[in-house]
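Visitor: Requesting a structural model of the entry that follows:
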Amino acid sequence: MTNERPAIPGLSAALLRGLAGGFAGAVLGHILVTACLRAGAESWLKGPYGPHFFDIALYLGLLYGGIACGLSLRPGITLVGAWGAFLGIALPMALFTRTARWGMEAGAPPTLAWYWLVLAAHSLGTWGTTLALGALLCPRRRWLGAVGAVLGSLAGYLSLSLFLRIVPSYAQGRWHPGSFVPSPLDLLSGLLIGAGLGAGVFLADSLGRKESPR
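Guide: Residues are numbered from 1 along each chain as shown. Modelled structure (predicted):
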């Protein structure tokens, strides 16, 4: 049997690291996004077409950077999480808000094309980063780590959806959107996504170790 140490020492550690990273990323992301919005961030990087996007790109970059930091404790992987999510959204949106005349004019409702563009950019930033983190955190079987990270993240999203169906009042609680205090919904989302991603990577890494030659 191989003596190589696992990427994360145990399932409980994976869950706790994911929870801590997701919580920290959600808190830091909300605080910095709120500060940037007060400084006029809705216009940052944006061209004459399409919706603003800097705030959501920054938030997701910090969220996934926090999760990556919690799970890896390594600066390189942390930067992959942060820059992957941020640039995956910011770069295509910055390009198309300057060139896509088929998109929405300033002040006009979004067209169907813009709807799909925003969905594609968001998916590229979040799921592309999730795949990359899973591969980096599971070097023995990178493809297995990528799949585990995606499945774990999906489990986190599904857990959030199930919780909100059971307790719909949680998302409807009083909260001022301009406050520096993060919303309970964002915090819970960060916690569950971080924990799910951590558990998925740990299980994928464990499976990869079992499949390795003795």
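Visitor: sec struct for P109, please.
Guide: Secondary structure, DSSP: H, G, I helix; E, B strand; the rest coil: P109 is coil.
Visitor: With L133 as the reference, measure out to it.
Guide: P109 is 35 Å from L133, where distance means Cβ to Cβ, to the nearest Å. All C-beta spots, glycine's among them, are computed from the backbone N, C-alpha and C.
Visitor: So which of the two has more stuff around it?
Guide: Set P109 next to L133 and count neighbours by other Cβ atoms under 10 Å: L133 wins out with 28 against 7.
Visitor: how about the least confident helix or strand in the chain by mean pLDDT: buried residues?
Guide: For the chain, using mean pLDDT, DSSP states H and E, the weakest element among its helices and strands is helix 184-211, scoring a mean of 90. For helix 184-211, the neighbour count (16 or more other Cβ atoms under 10 Å) marks 185-209 as buried.
Visitor: Could you do stretch 64-83 as well?
Guide: 64-72, 77-78, 80-82.
Visitor: These into TSV, with extra columns for pLDDT, distance to G18 and secondary structure?
Guide: Shown next, in TSV, are the buried residues of stretch 64-83 (pLDDT from 0 to 100; distance: Cβ to Cβ, whole Å; DSSP: H, G, I helix; E, B strand; the rest coil):
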residue	pLDDT	distance to G18	secondary structure
Y64	98	12	helix
G65	97	13	helix
G66	97	10	helix
I67	97	6	helix
A68	97	10	helix
C69	97	11	helix
G70	96	6	helix
L71	95	6	helix
S72	93	11	helix
I77	95	13	helix
T78	97	14	helix
V80	97	16	helix
G81	97	12	helix
A82	97	16	helix
